[in-house]
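Engineer: Build me a structure from this.
(one chain, ligands or ions: 1)
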Amino acid sequence: MVKINIVGVGPGSPDYVTPAARKAVQSAQLVIGAQRSLNLFTGDIKGETIVLTAKNLRNALESAAGSAAKGFEVALLSTGDPGFSGLLHTVLESGLFNIEEINVVPGVSSIQACAAKLAISWDNALLFTFHEGNVTDDEKQVLDFAVSTGQDIILLPDSKAFSPRGISNYLIKSGAGKDTPVYVCENLTLPEEKIISGTLEEFSKRTFGSLSVMVIKATEKLSE
Ligand SMILES: C[S@@+](CC[C@H](N)C(=O)[O-])C[C@H]1O[C@@H](n2cnc3c(N)ncnc32)[C@H](O)[C@@H]1O
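Structural biologist: I've put the predicted structure just below:
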């Protein structure tokens, strides 16, 4: 019954591609993904490919639905984990597939890679995504409230709409302590990986790469 496999491919390094993801790609007659994701499966892809871009997403999903209707196996590659700010949401919203036609192959999220890098036990962390302009005033206020609770916050910024710099400025204006400890993890698992630590005040003046996860650390005073 499964018509589409949405395959999590990890944050970037082939070391974080699971055997389950590889199997799903090897058995697919159609593999759809961004070039960066397809590159992780050189040698595994036996079927046709569609290179996903910002402009052809709808067309690619329609091709996926068409192939699946003919009985072909389709693998749609989603960076990190498909269920966190990933393509699962896009597929569910597309109206092209029923829930029972969807199989999700979980992947290592950039959120997990970030928590691991900073040795954060993330069961009590609050997670946010502002990726792709998902930044309403309400969302910002929820973030502001989350910071005031003193829990660790791990978030995906948006390099244009709500960058680490913009977030730091917003939080300072909303009353957060300028010396609140923050981190940005760039290019996790990749050779260019960089972990930058500082304070909200320092980050309010800095720019970071687009492939970034930001952490706002619980302050000692609040987390005690
Ligand atoms: C469309 S979202 C996909 C998130 C993905 N589903 C996940 O679970 O990591 C893309 C955002 O994820 C973050 N991201 C993905 N890979 C990353 C990496 N290797 N290092 C840092 N951030 C990454 C960045 O914030 C990027 O803008």
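Engineer: give me the number of residues near the residue of the chain found nearest the ligand?
Structural biologist: Using CB to the nearest ligand atom, the point where the chain gets nearest to the ligand is residue 80, with a distance of 2.0 Å. For glycine as for every other residue, the C-beta is placed from the backbone atoms N, C-alpha and C. Neighbours of residue 80 under the rule other CB atoms under 10 Å: 25.
Engineer: Wait, it touches residue 11, no?
Structural biologist: Yes. Assessed by CB atoms under 8 Å, residue 80 is found in contact with residue 11 at 5.6 Å.
Engineer: what residues are shared contacts of these two?
Structural biologist: Residues touching both residue 80 and residue 11 (CB atoms under 8 Å, 6 or more residues apart in numbering): 108-110.
Engineer: Adding pLDDT and distance to residue 64, write these out as TSV.
Structural biologist: Shown next, in TSV, are the shared contacts of residue 80 and residue 11 (pLDDT from 0 to 100; distance: CB to CB, whole Å):
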residue	pLDDT	distance to residue 64
108	98	23
109	98	22
110	98	24
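Engineer: What number of residues are in the vicinity of residue 217?
Structural biologist: Using other CB under 10 Å, residue 217 has 19 neighbouring residues.
Engineer: Could you find the closest non-adjacent residue to it?
Structural biologist: Leaving out its chain neighbours, the residue that sits closest to residue 217 by CB to CB, 6 or more residues apart in numbering is residue 181, at 4.2 Å.
Engineer: and that neighbour, what does it touch?
Structural biologist: Counting by CB under 8 Å, 6+ apart, residue 181 touches 197-199, 216-217, 219.
Engineer: would JSON lines of these with distance to residue 45, secondary structure and pLDDT be doable?
Structural biologist: Converted to JSON lines, the contacts of residue 181 look like this (distance: CB to CB, whole Å; DSSP: H, G, I helix; E, B strand; the rest coil; pLDDT from 0 to 100):
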{"residue": "197", "distance to residue 45": "39", "secondary structure": "strand", "pLDDT": "98"}
{"residue": "198", "distance to residue 45": "41", "secondary structure": "strand", "pLDDT": "98"}
{"residue": "199", "distance to residue 45": "45", "secondary structure": "strand", "pLDDT": "97"}
{"residue": "216", "distance to residue 45": "39", "secondary structure": "strand", "pLDDT": "97"}
{"residue": "217", "distance to residue 45": "41", "secondary structure": "coil", "pLDDT": "92"}
{"residue": "219", "distance to residue 45": "48", "secondary structure": "coil", "pLDDT": "71"}
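Engineer: all helices of the protein, in order?
Structural biologist: With DSSP state H, the ranges of helices along the chain come out as 19-26, 35-38, 57-69, 87-94, 110-117, 137-148, 164-173, 200-203, 220-223.
Engineer: Take those helices and write them to a markdown table, including distance to the ligand and mean neighbour count.
Structural biologist: Shown next, in a markdown table, are those (distance: least, CB to the nearest ligand atom, whole Å; neighbours: other CB atoms under 10 Å):
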| stretch | distance to the ligand | mean neighbour count |
| --- | --- | --- |
| helix 19-26 | 13 | 18 |
| helix 35-38 | 9 | 17 |
| helix 57-69 | 12 | 17 |
| helix 87-94 | 8 | 16 |
| helix 110-117 | 3 | 21 |
| helix 137-148 | 15 | 15 |
| helix 164-173 | 10 | 20 |
| helix 200-203 | 15 | 20 |
| helix 220-223 | 25 | 10 |
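Engineer: For residue 101, find the nearest of the ones you listed.
Structural biologist: Residue 101 lies closest, by CB to CB, to one member of those: helix 57-69, at 7.2 Å.
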